[in-house]
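A.B. asks: Show me the folded form of this:
(2 chains)
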There are 2 protein chains.
Amino acid sequence: MRATVIHAPGDIRVEDVPEPEIVKPTDAIIRTVATCVCGSDLWPYRGLEPVGDPHPMGHEYVGIVEETGSEVTHIRPGQFVVGSFATSDNTCANCRKGWQSSCLNREFMSTCQADYVRIPNAHGTLVATEGDPGEEFVPSLLAVSDVMGTGWYAALAAEVKPGSTAVVVGDGAVGLCGVIAAKELGAERIIAMSRHEPRQKLALEFGATDIVTERGEDGVARVKDLTNGIGADSVLECVGTAESMRQALHSARPGGNVGFVGVPHEVAVDGQELFFSQVGLRGGPAPVRRYLPDLIDRVLSGRINPGKVFDLTLPLEKVAEGYKAMDERRAIKALLTV
Amino acid sequence: MRATVIHAPGDIRVEDVPEPEIVKPTDAIIRTVATCVCGSDLWPYRGLEPVGDPHPMGHEYVGIVEETGSEVTHIRPGQFVVGSFATSDNTCANCRKGWQSSCLNREFMSTCQADYVRIPNAHGTLVATEGDPGEEFVPSLLAVSDVMGTGWYAALAAEVKPGSTAVVVGDGAVGLCGVIAAKELGAERIIAMSRHEPRQKLALEFGATDIVTERGEDGVARVKDLTNGIGADSVLECVGTAESMRQALHSARPGGNVGFVGVPHEVAVDGQELFFSQVGLRGGPAPVRRYLPDLIDRVLSGRINPGKVFDLTLPLEKVAEGYKAMDERRAIKALLTV
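C.D. replies: Residues are numbered from 1 along each chain as shown, chains lettered A, B, ... in the order given. You can find the predicted model right below:
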């Protein structure tokens, strides 16, 4: 089968590799319907994270169940399933508290830009839709498996509540999904920080009420102008750099909250500064599994359409072009059809 | 009048200084009934914070209103009042959201170990009791003005809820009051980390269900043993060092919360570690004003008795002995009668 392999920064190839097989009784094999390129895939692609030996790529997926291990009884071959980039048994002490992305048996997905994928912990990870959802819903269901689930977590970690003011730092796919989440959770004012016109447009379509183009302390000053001088109730940090974290922390009011979902790269938070800010801070890999049933419902009922973040669709064969377009910011997010 | 002045590390004196006067119409002057020495007063006393020029000390107080500025109309001379170490107008945008310790007009108290004290923002800071509370309640009401309010905030910031498991890092007065708060907020299991027998005893009396004497990663391992291997729902960090913060963060489960109220000294939190821990973190100076009516009620109804943290009572004249006893850990907290 075909699979995407990274050899070095900038060197993405489609290669012929053996099809995956059931290894554990809790595994399933799915035939990929759609997968995509993640902002976090760009870290090694850009050489900002070591590549090491050549290895497969991809952690976002929707597909058709091909085969199940003996302990995977809640789904059957032929069903359309949505999962998460972090697999979970959904029964351990962390899962039971709703933190499936910290499952004690967690395995992160990493081979999804391929024809077939082995899903570990399939019994606690995959959720089947009722019947075939139809092609028009595929992009949004794919988004749910990562970026929409992550935006949702960012908004919950930032404690967005009805009537509150939310700021979204980062106009990538996760940030834009964070706008959707803030809107769904009832934020009255949603300030999207973006200087890219097509992303501003999508943010407004998703529910942003204000666009701030300034960055750093100028951006913070604009947010304060819009929030009685004290800062926002909730800030969704969807980038992961020291600069974006600083901007997020400074944009929140005392007693406000920052939810951070961009994997931090060289970020250190000063204890005394955090103390006097009185800002609450929570991050991490999103417990997507907790949200799957709800988010699938919101997609299939037409309430949300996060699939719009895919502004480039390519066949798997052209995956390298997807990385390149995202790296050059010509595309927000590239969907790969399989 | 008499006032406590620090001249250098270890050099605390009682001196004769002019009585304070009303400066702004929102000020009040109180005659101190009781004040005390705070763990944070020990930072300069120990030379861990610069002393600079000789200056007065003390930020905890209860007293009798002596005089009020023209805009202070809710209290009158002769009333017994409780306040907070952070003054607040109680009307600004932050105060209205319940974050009075980040009041836009905040002034920190710093002259309370004295016969008389000027309270800035008295109109939004002081709360009078109904009638004279009686001598037996003075220690607990004094505790409410800082350590009990701070322990309360630590428990709320750590999101202690009915049935939850809470860990308290730090067995000083604030940590011990944190045990009271966790108990009052319904924690089912309260693990106090302490290796000092008198403090262990008080923690148990205040509601701790378990004592952990180990520190660092050994202490964390013990907490995990007691919490299904995943860590506690809530951790109250009541020290402020890099070691105690690490211990607190590692003791919380994914999705759990750390409330940190020890002013951090040389603490930096690694972004990626915090990310993968999925622990929520909030600290700061406690918004004591928000809690005053409730905590005063709990004291006067006899529900809580945080005044027990004062295990040394001295006349103001002997304040230097109070600092020394706390520095040498012979006393948990020294109350000064005036």
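A.B. asks: use CA for all of it now, contacts and neighbours both
C.D. replies: Fine.
A.B. asks: With adjacent residues omitted, what lies nearest to the most centrally placed residue in chain A?
C.D. replies: Central residue of chain A (Cα atoms, centre = their mean): residue A:147, 2.3 Å from the mean position. Spatial nearest neighbour of residue A:147, excluding adjacent residues (Cα to Cα, 6 or more residues apart in numbering or on different chains): residue A:174 at 4.8 Å.
A.B. asks: Chain B versus the one you found, what's the distance?
C.D. replies: 16 Å (Cα to the nearest Cα, to the nearest Å).
A.B. asks: Now do the residue nearest to the centre of chain A against residue A:17, distance only.
C.D. replies: Distance from residue A:147 to residue A:17, counting by Cα to Cα, to the nearest Å: 27 Å.
A.B. asks: didn't residue A:159 look like it was pressed against residue A:257?
C.D. replies: Yes - here residue A:159 reaches residue A:257: they are 6.4 Å apart, a contact under Cα atoms under 8 Å.
A.B. asks: between the two, which one's more packed in?
C.D. replies: Using other Cα atoms under 10 Å in any protein chain shown as the criterion, residue A:159 and residue A:257 rank with residue A:257 on top: 31 against 23.
A.B. asks: Counting by contacts, list what the helix or strand that contains that one packs against.
C.D. replies: According to DSSP states H and E, residue A:257 maps onto strand A:252-260. Here strand A:252-260 touches helix A:147-157, strand A:232-237, helix A:242-251, strand A:280-283, going by 3 or more Cα pairs under 8 Å, 6 or more residues apart in numbering or on different chains; DSSP states H and E.
A.B. asks: Make JSON lines from these and add mean pLDDT to it.
C.D. replies: Below are these laid out as JSON lines (pLDDT from 0 to 100):
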{"stretch": "helix A:147-157", "mean pLDDT": "98"}
{"stretch": "strand A:232-237", "mean pLDDT": "98"}
{"stretch": "helix A:242-251", "mean pLDDT": "97"}
{"stretch": "strand A:280-283", "mean pLDDT": "98"}
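A.B. asks: need those in CSV with distance to residue A:64, can you?
C.D. replies: Below are these laid out as CSV (distance: least, Cα to Cα, whole Å):
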stretch, distance to residue A:64
helix A:147-157, 20
strand A:232-237, 33
helix A:242-251, 38
strand A:280-283, 31
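A.B. asks: among the ones you listed, which is the most enclosed?
C.D. replies: strand A:232-237 (a mean of 32; mean count of other Cα atoms under 10 Å in any protein chain shown).
A.B. asks: who's in contact with the residue nearest to the centre of chain A?
C.D. replies: The contact partners of residue A:147, taken as Cα atoms under 8 Å, 6 or more residues apart in numbering or on different chains, are A:173-174, A:177.
A.B. asks: Check which element follows the helix or strand encompassing residue A:211 along the chain.
C.D. replies: According to DSSP H and E, residue A:211 maps onto strand A:210-212. Remark: after strand A:210-212, the chain's next helix or strand is helix A:216-225, criterion DSSP H and E.
A.B. asks: Which secondary structure elements does that following helix sit against?
C.D. replies: The helices and strands touching helix A:216-225, judged by 3+ Cα pairs under 8 Å, 6+ apart, are strand A:210-212, helix A:242-251.
A.B. asks: Buried residues in it, which are they?
C.D. replies: The neighbour-count check on helix A:216-225 (16 or more other Cα atoms under 10 Å in any protein chain shown) flags A:219-224 as buried.
A.B. asks: Check stretch A:197-216 too.
C.D. replies: Using 16+ other Cα under 10 Å as the burial criterion, the residues of stretch A:197-216 that qualify are A:199-200, A:202-204, A:206-212, A:215.
A.B. asks: mind listing what residue A:47 touches?
C.D. replies: Contacts of residue A:47 (Cα under 8 Å, 6+ apart): A:8-10.
A.B. asks: Which strand or helix spans it?
C.D. replies: Per DSSP H and E, there is no helix or strand for residue A:47.
A.B. asks: State the distance from it to residue A:149.
C.D. replies: To residue A:149, residue A:47 is 27 Å away according to Cα to Cα.
A.B. asks: Enumerate the residues of the stretch 1-150 of chain A near chain B.
C.D. replies: Where the stretch 1-150 of chain A comes near chain B, counting by Cα under 8 Å from any Cα of the partner chain, the residues are A:93-94, A:99, A:102.
A.B. asks: just how off-centre is the host helix or strand of residue A:295 within its chain?
C.D. replies: Using DSSP H and E, the element containing residue A:295 is helix A:288-300. Distance of helix A:288-300 from the chain centroid (Cα atoms, centre = their mean, to the nearest Å) equals 13 Å.
A.B. asks: One more: stretch A:110-117?
C.D. replies: For stretch A:110-117, the distance to the chain centre is 17 Å (Cα atoms, centre = their mean).
A.B. asks: if you average pLDDT over it, what comes out?
C.D. replies: Taken as a whole, stretch A:110-117 has an average pLDDT of 98.
A.B. asks: Over to the closest residue in space to residue A:188 that isn't next to it in sequence. Which of the three states is it?
C.D. replies: Spatial nearest neighbour of residue A:188, chain neighbours left out: residue A:163 (4.6 Å); criterion: Cα to Cα, 6+ apart. Put simply, residue A:163 is coil when judged by DSSP: H, G, I helix; E, B strand; the rest coil.
A.B. asks: Contact partners for residue A:163?
C.D. replies: Residues in contact with residue A:163 (Cα under 8 Å, 6+ apart) are A:186-189.
A.B. asks: returning to what we had before: neighbour-wise, give me the winner out of the residues of the stretch 1-150 of chain A next to chain B.
C.D. replies: Ranking the residues of the stretch 1-150 of chain A next to chain B using other Cα under 10 Å puts residue A:102 first, with 27 neighbours.
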